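> Fold the following.
(chains A, B and C)
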Amino acid sequence: MLTLQCPYCGVEAEETELHAEGEAHLKRFGPGSSDDDFEGYLFMRENPKGVHFERWRHSNGCGKFFHAARCTMTLEVFGTYSAQTLEPPQEIKDKISAKYPGWTWREFA
Amino acid sequence: MRRYSAFAIAREAARYHTGWERAWRSPEPKKKYDVIIVGAGGHGLATAFYLGKNFGITNVAIIEKGWLGGGNTGRNTTIIRSNYLQDPSAALYEKARSLYETMSQDLNYNVMFSPRGVIMLAQTQHEVRGYQRTAHANALQGVKTEFIGPERVKELVPIINIDGPRYPVLGGLWQERGGTGRHDAVAWGYARACSDMGMDIIQKCEVIGVRSEGGMVKGVDTTKGPIDCDKLGLVVAGNSGALADMAGFRLPMESVALQALVSEPIKPCMDVVVMANTVHGYMSQSDKGEMVIGGGTDGFNNYTQRGSFHHIEETVRALCETFPMVSRLKMLRQWGGIVDVTGDRSPVIGKTPLGNCFINAGWGTGGFKAIPGGGWATAELIAKGEPGPLSAEFGMERFIEGRFIDESVAAGVAH
Amino acid sequence: MSTRLASGGRLLNKGKQLKFSFNGKQFTGYEGDSLASALLANDQMMIGRSFKYHRPRGVVASGSEEPNGLVNLGEGGKFEPNQRVTTTELFDGLTCTSQNHWPSLEFDIGAINNHMTRFFPAGFYYKTFMFPRFAWKHVFEPIVRQSAGLGKAPQDRDADTYEHFYAFVDVVVIGGGIAGLQAAKAAGASGAKVLLMEQTPHWGGRAPVDGGEVDGKPVAEYIDGLVAELQAMDNVTMRNRMMGAGVYDHGYVLGYERVNDHTPMNTGPRHRLWRIRTKQIITATGAIERPLSFAGNDIPGVVLASAVRDYAVDYGVSVGDRTVVVTNNDDAYRTAIALKKAGLEVPVILDARASGGGSLADEAKALGIRVENGKGIAKVKGGKRVTGVVVCAQAGQGAMLEEIKCDAVAMSGGWSPVVHLWSHCGGKLIWDDAQAHFRPDAARPPKGANGEGFVIPAGSANGPLELAGVVADANAAGVAAAKAVGQDSSVAAPAVAEAAEAAMEPVWLMPQGAGPELRIKAWLDYQNDVKVSDVRLAAQEGYESVEHTKRYTTLGMATDQGKLSNINGLATLAGQLNAPIPEVGTTTFRPPYTPISMGSIAGEARDAVFQPLRRTPIHAYHEDEKAFFEPVGHWRRPYCFPKAGESHADAVKREINQTRNSVGLLDASTLGKIIVKGPDAGKFLDMMYTNMMSTLKPGKCRYGLMCNENGFLIDDGVVARIDEDTFLCHTTTGGAERIHGWMEDWLQCEWWDWKVYTANVTEQYAQIAVVGPNARKVIEKLGGEMDVSKEGLAFMEWKDGKIGEFDARAYRISFSGELSYEIAVPASQGRAFWDALMEAGAEFGIMPYGTEGLHVMRAEKGFIMIGDETDGTVIPQDLNMQWAISKKKEDFLGKRAQLRPFMASDDRWKLAGFETVDGSVIPDGAYIVGTGVNANGQRNVQGRVTSTYYSPTLDRGIAMGLIDGGMKRLGDVVEFNKVDGSTVKAKVVDPVFYDKDGEKQNV
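Residues are numbered from 1 along each chain as shown, chains lettered A, B, ... in the order given. This is a model prediction of the structure:
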């Protein structure tokens, strides 16, 4: 039973207020993209054992989408942040590094 | 292998059962095998078994990081059915179901396959049409199913409430030869048979790396040292992503928690398996008398084998609504398993970007029922290096081509 | 015999006698009794039968760990199977019956299994019942099923109600024994918000039974003081009869409050499920005594030593007149002393330790009790109750030293901390060699959202078993919890005076060298009939993992979930494997701690409020008219409006004929309505829809299609451009929330720099379709300023204005092919507008039509329906809807996917119409058969029906479907399969069956 803080409205939200929306920081590939890029975008997933960056929506709350950095092995939450960014904030990356030195996730480390 | 039988039990009873031999050996790994299967769950063991039985390949190791049958094989709700809509699924699951029919005899191990019948309830007009479609498809696929009316549902399941105020039962898709099996016994039976063929089941041995040369697999590194192989099968539900990562490729899969629960045991009150997809719950009664109950998956990536309680609430609500007597029972135990879910919610059986490395994964919520069929198809794939007809449509390339096997279309959410 | 004592019974109100019945026998007890103590007081030693061998079973414990004392409780709608007598409070008029036997408790045919014990070892069923193949399902399994199970299945609908409750606190303390109370005090003194729960009706746990002095006072008095202190704290909430059922991630705790189990005559909920969020959890859940494994340890009358003491002290009940005490630790001496002091006989204390006990042993000896060190029980004599014990040396193989007559045995194999709640969420355990038990490993607690531990074990749940250690540990836990939630507590642990105890010695089998004939009678799991011999057999056969052993033998899988059997079982396994116990490990602890009612989990949500019900502003009309409803999402939409005695099919036919010939009304309020507004709204909708929406002129409507990124059609609907930067998008009924979320997803996460707002206004409007040749006349009759003439409001236009008194927005769109207006009014005016239309249309015979009429009419026109023609695998091209896919746009959602080879291929099945040769209706879901079979032996197919109806308008069956080749197949005759194996022939035709030129809608 997760709780995540919505970075928009500040509410410490219960899982029942939230809706999981899958992997974060996906780069969209549209017409003209290669088969591999398109498949990677639509189907291939990191699915890590460890830190994951994912999207949530505060669906039974303010309705905003946001990002979370969460460990899939312990459910520890390293932070939530705006959906309107291309990479996790340094502060959250630092927090992860303190726990899991040398972690990587796609191009982030 | 000494055969199991009533006579053997009588013989052993006389000497306090001191003469029973091990069901499977506990060997140290050899340096090299023809085939290594990673994962001694149902699918992995079945793959090894059919490699031996159908192709005579017995220089096989099955490597398991925990204990055999300890993953989803040992934590599912044991439902066996093949009333799938799409041709490739129906073929695979029906193959599995038919192998379950004779599995006890084939393995000389009673897996208690019990074709008690499975009903999938239709509780909306949309579901009625969806299941009628499945019934028509099944009729052409050689899968015996029937769309039945609410009165017949009530006859088969006296404890059901067909006149609920919100979702009255409008009918159901009935598969008379679907049912349940004893999940642990499936793993144990295959393990005993594999061991008897000379295969090595190596438990408590974790794969920590996949070795390759020139794009071809060479072996694995394990906590018990390196082991070489010509061919490698990855059959590790719930861990496929991690293994794929070691082998250097990504998968169209995510791992999520699926939960189930049982009630305390009561005297027999429900003979068939009932699935109610509109309200999200399904239930059967085990031979022990427990009502075995399952629902849907959590929505987020998770490897903890713990789910969120509101899903349990949702499932129990659905069952109290469908079977009002459930309200007076007590939940004895709840648990979770980790399932790999693919982009179209159908499994992957196929080649991987690494040569001679094959994968069986992504069974989502429906892996147990497929065990013998999945094993049969994966063994064929590994032995021949190319998919046979059972797995031809289940390769990963289907995502690039857009050739999906989508079962959710008939509301047939897989369990 | 077991009986009520003249003295003792600190929990009883002897002034109030209660009547109850067991198997029809009338008994009496006192207020304060548990059902177990009341049964024992009436010498009802045998209460049930075991699961597998149907052996006689009596209570072995006094609390929630009880595996044997299970009854069918109550009757009718208040019946409940498998109720534990030890946790059932006695109430006046209680009725219960014993379980798992036929025909009676005393004489049970199933007990024949008992004589076959040797033939039914662990896992025997895996080795037999295999031939003939059909016998398992039809012969063996039915016998197994009948003989298994425990209580009866409830028959009646639940007569009780249940509720859910939320709480948000700083610290939850689970367990209201002395440890929980002390911890709550230490935490509560800091000002932190504390919730303390205790599963029994009493505070203080077993400390008052065990005795001792705290803070210079008798422990019972100290507890009373603690309770009073806590009750006086505003920041502390205390709840008894409430069990900590489960600990979940991020500090979520389930509390299971049995509100009215003991007062079933009261109104109000039976159970209340608390869903609690807390920062810290203190598990002060105590410890459970372990049985000893000796032959015949399952015979009724063999009871845990602590339970014998509880029955004597708490309830004034003796389990037997002559009780032999057998132990490997000092605590059991307390039982002997208590019994002796109550005037009962204790012929001997058998202490398995060669060195014997400490000061408690001296006290026992001083009371004149015979104590034998280094001795144990070789076997218990008796059948349905204990008649004596055979004494042997613990070190030997069980040679008889003497036989002692007795009618009860009090046993103690040491104590195991209750680590369940610590473990639910991942807390790890360590093996304590001195106490021979697993206890929480403080270094590896379950971790919360912040990565820090959030559970603190306290008291004997953390390992300490003596009073001084328990109180000190609990106090420290309370202080630590306060600190963890940012508060300070300066409460110090009180001084505790206590006798020093001698060390316990692990005894996993009694006697140590017991042979197979004794091991087969030495029970580990009483309910499931698992014996030492079974665990050994499992190990011998290679089921070496503790999980394998559990599953192979069913050890610990009974309704007590192994509370008594787990440690003994895995120690036995470790012994057989020659491995240290911690290496063998434990099975996983899963919630709930003890079983909780399904009713409480479901809560209030049942029957009509099983799920939220959405009602349109016109819903009450549909109910008044006795509409036949179908669920659509959380809505219930009228399927048709049958008149008295009319079939649904006839009603649908009547509604369609009326609409096609004159005028009908449809409540279309459930259709999704989403406002998309902003300078970039057009650009945004060009991405969302396959069509070009940015070119739509204000005042006009356009039908649009939406695909997902996989290329598949997900929704459709009419888009109206309200003004330059405002669009109103209609979605399907089921799609409103989903599509709104979908739009927000793209706006918030992908194109967040685009200037667009969306709002889901579905419920702000009532929308009514006025349909049929007389539709215009009906609207015009209402008057108002709006010009709804052909010229004033042309097809695919919309307009705001007054219709009669109503603030209306009228769309000239048609899903039936008729002259049609969909008119939206504010929700508050919806019902009045509907009534006004009904009244105005009376002269035209106006009547409402339902969803089935809607479906048939759209099918007659060849309009597709999301969910019928589409199923998540269909792309617009499959439905011949290339016209709705803009070729000018570089990009829209789904475009890239539709370029993939299988999507672009000509092999895909495409839409066509079908008419059966004989005029019949093609069955729903039928496939078009092809020739031959595929590689898997399945019949080849070349298409399928997607919509099939009897058309009242054409008086024949019509259908749409997807077929290989699509419209190129016009004129072909194909065969649809039927489930009986036959087929029905149908001709491929144009899917527009009615008014092909659209003349009727364009008038």
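
> any residues touching stretch A:24-35, and which ones?
Residues outside stretch A:24-35 that contact it (C-beta atoms under 8 Å, 6 or more residues apart in numbering or on different chains) are A:37-38, A:40-41, A:53-55, A:67-68, A:83, A:86-88, A:106, A:108, B:400, C:709, C:750, C:890-891, C:895-896, C:899-900. In short, each C-beta sits where N, CA and C put it, glycine included.

> May I see the buried residues of it?
A:A24, A:H25, A:L26, A:R28, A:F29, A:G30, A:S33, A:D35 (16 or more other C-beta atoms under 10 Å in any protein chain shown).

> of these, closest to chain B?
Distances from chain B to the buried residues of stretch A:24-35, taken as C-beta to the nearest C-beta, are shortest for A:D35 (5.2 Å).

> How about the longest helix seen in chain A and chain C, any contact?
Longest helix in chain A by number of residues (criterion: DSSP state H): helix A:90-99. Yes: legend: contact between helix A:90-99 and chain C by C-beta under 8 Å from any C-beta of the partner chain is shown at A:K99.

> In contact with the closest residue to B:G189 other than its chain neighbours: list those residues for me.
Sequence neighbours aside, B:Y109 is the residue nearest to B:G189 in space, at 3.2 Å (criterion: C-beta to C-beta, 6 or more residues apart in numbering or on different chains). Going by C-beta under 8 Å, 6+ apart, B:Y109 touches B:Y4, B:A185, B:W188, B:G189, B:R192, B:A193, C:Y126, C:K127.

> Specify which member of those is nearest to chain A.
Using C-beta to the nearest C-beta, the contacts of B:Y109 come closest to chain A at B:W188, 27.8 Å.

> Using PDB, write out every CA atom in whatever helix or strand that closest one lives in.
Taking DSSP states H and E as the criterion, B:W188 maps to helix B:183-196. Only the C-alpha atoms of helix B:183-196 are listed here, as PDB (Å, rounded to 0.1, in the frame of the first residue of the first chain):
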ATOM      1  CA  HIS B 183       0.200 -26.900  -8.400                       C
ATOM      2  CA  ASP B 184       3.200 -28.100  -6.300                       C
ATOM      3  CA  ALA B 185       2.700 -31.700  -7.500                       C
ATOM      4  CA  VAL B 186       3.100 -30.500 -11.100                       C
ATOM      5  CA  ALA B 187       6.600 -29.200 -10.400                       C
ATOM      6  CA  TRP B 188       7.500 -32.200  -8.200                       C
ATOM      7  CA  GLY B 189       6.200 -34.700 -10.700                       C
ATOM      8  CA  TYR B 190       8.200 -33.100 -13.500                       C
ATOM      9  CA  ALA B 191      11.300 -32.800 -11.300                       C
ATOM     10  CA  ARG B 192      11.100 -36.500 -10.400                       C
ATOM     11  CA  ALA B 193      10.800 -37.500 -14.000                       C
ATOM     12  CA  CYS B 194      13.600 -35.200 -15.200                       C
ATOM     13  CA  SER B 195      15.900 -36.400 -12.500                       C
ATOM     14  CA  ASP B 196      15.100 -40.000 -13.400                       C
END
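
> Kindly spell out which helices and strands sit in contact with it.
Here helix B:183-196 touches helix B:42-55, helix B:103-107, strand B:200-202, helix B:367-384, helix C:124-127, helix C:546-553, going by 3 or more C-beta pairs under 8 Å, 6 or more residues apart in numbering or on different chains; DSSP states H and E.

> could you check the angle helix B:42-55 makes with it?
40 degrees (axes from the mean of the first three to the mean of the last three C-alpha atoms, to 10 degrees).

> who in chain C is up against chain A?
C:248-252, C:277, C:426, C:447-451, C:709-710, C:741, C:744-745, C:748-750, C:752, C:890-891, C:895-897, C:899-900.

> on that earlier part again, run through who's touching the helix holding B:W188.
So helix B:183-196 is in contact with B:1, B:23-25, B:40-42, B:45-46, B:48-49, B:52, B:60, B:62, B:68-69, B:73-76, B:78, B:103-104, B:107-112, B:201, B:368, B:371, B:375, C:126, C:543, C:548, C:551-552, going by C-beta under 8 Å, 6+ apart.

> what bridges to the spatially most central residue of chain A?
Chain A has A:E54 as the residue nearest its centroid, 2.2 Å off, counting by C-alpha atoms, centre = their mean. Applying DSSP bridges to A:E54 gives these bridge partners: A:E23, A:A68.

> Who are the contact partners of it?
Per C-beta under 8 Å, 6+ apart, neighbours of A:E54: A:A20, A:E21, A:G22, A:E23, A:A24, A:H67, A:A68, A:R70, B:F300, B:N301.

> For it, give its distance to A:R45.
A:E54 sits at a distance of 10 Å from A:R45 (criterion: C-beta to C-beta, to the nearest Å).

> Report the helix or strand with the lowest average pLDDT across chain C.
helix C:112-115 (a mean of 83; mean pLDDT, DSSP states H and E).

> Now that one - C-alpha only, PDB.
The C-alpha atoms that make up helix C:112-115 are tabulated as PDB, following Å, rounded to 0.1, in the frame of the first residue of the first chain:
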ATOM      1  CA  ILE C 112     -11.400 -45.200  10.100                       C
ATOM      2  CA  ASN C 113      -8.600 -43.100   8.600                       C
ATOM      3  CA  ASN C 114      -7.100 -43.100  12.000                       C
ATOM      4  CA  HIS C 115      -6.600 -46.900  11.800                       C
END
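
> contact partners of it?
C:K52, C:Y53, C:H54, C:R55, C:F120, C:S147.

> Report pLDDT for the closest residue to C:I369 other than its chain neighbours.
The spatial neighbour of C:I369 that comes closest, neighbours along the chain excluded (C-beta to C-beta, 6+ apart), is C:V346 at 5.1 Å. According to the prediction, C:V346 has pLDDT 98.

> do C:Y222 as well
Looking at C:Y222, the pLDDT reads 98.
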